[in-house]
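Colleague: Provide a 3D model corresponding to the input given below.
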Amino acid sequence: MFQPAPDREYVQVDPGSISVVYQSVNSVSVALPGLSAAMARAVIVGYKLESKRYAVVVALHLVDAGKHLLFMHDDPHLDPGGARRAATEAISFVESMGFFVENASWKDLDPVAQRELLANLLVFQPPTAEAKKKEAEALVDPRTKLARLLVQF
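Modeller: Predicted coordinates for the structure are as follows:
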């Protein structure tokens with residue numbers, strides 16, 4: 001099962017440790033608890049940790065907001081069989097939201113193509129300063145904004 005990882009802003013993984021990448025071929029409007037509906041794209045990343053253990057992360061890039069939501073598998077230290085099951089579970093998880101995903105064939109790409117793929121998948125980039133500003137503004141109660149405006153007069 002995948003749980004939100006609010007402490008992670010984006011996917012920070014050494015490209016050399018990545019085992020598999022799936023990406024959505026479509027954008028979907030998602031409505032998650034506590035957030036308004038937003039268009040998003042999905043990426044699933046399976047990567048190797050130390051001592052033959054693996055982790056799987058699902059990352060949603062919220063297109064208009066320019067931010068990312070990450071979901072980590074319950075078990076952050078999976079064996080190879082568990083990692084395959086977690087990847088299958090991740091695919092089901094994002095498909096249940098309406099995404100269609102395809103295998104990016106990570107292992108078949110040369111290093112230049114791998115770097116290019118990561119550069120194009122925004123979940124591997126930190127959220128922009130503008131996105132962080134929008135998020136901070138969204139946290140302010142509209143009544144507080146109104147009060148600040150009225151105080152200026």
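Colleague: what's the host helix or strand of residue 3 packed up against?
Modeller: Using DSSP states H and E, residue 3 sits within strand 2-4. For strand 2-4, the packing partners by 3 or more CB pairs under 8 Å, 6 or more residues apart in numbering; DSSP states H and E come out as strand 67-73, helix 80-96. In short, each C-beta sits where N, CA and C put it, glycine included.
Colleague: what does it rub up against?
Modeller: Residues outside strand 2-4 that contact it (CB atoms under 8 Å, 6 or more residues apart in numbering) are 58, 69-74, 89-90, 93.
Colleague: I'd like those residues written out as a markdown table, with pLDDT and distance to residue 108 added.
Modeller: Listed next are the contacts of strand 2-4 as a markdown table, based on pLDDT from 0 to 100; distance: CB to CB, whole Å:
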| residue | pLDDT | distance to residue 108 |
| --- | --- | --- |
| 58 | 96 | 22 |
| 69 | 90 | 28 |
| 70 | 93 | 26 |
| 71 | 94 | 26 |
| 72 | 93 | 26 |
| 73 | 91 | 24 |
| 74 | 88 | 30 |
| 89 | 96 | 24 |
| 90 | 95 | 20 |
| 93 | 94 | 25 |
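Colleague: Can you tell me which of those has the most neighbours?
Modeller: Most neighbours among those, by other CB atoms under 10 Å: residue 58, with 28 neighbours.
Colleague: Which residue, other than its chain neighbours, is closest to it?
Modeller: Using CB to CB, 6 or more residues apart in numbering and skipping residues adjacent in sequence, the residue nearest residue 58 is residue 71, 4.3 Å away.
Colleague: Surely the one you found and residue 5 touch.
Modeller: Yes - taking contacts as CB atoms under 8 Å, residue 71 lies within contact range of residue 5: 6.3 Å.
Colleague: Which neighbours do the two have in common?
Modeller: Contacts common to residue 71 and residue 5, judged by CB under 8 Å, 6+ apart, are residue 57.
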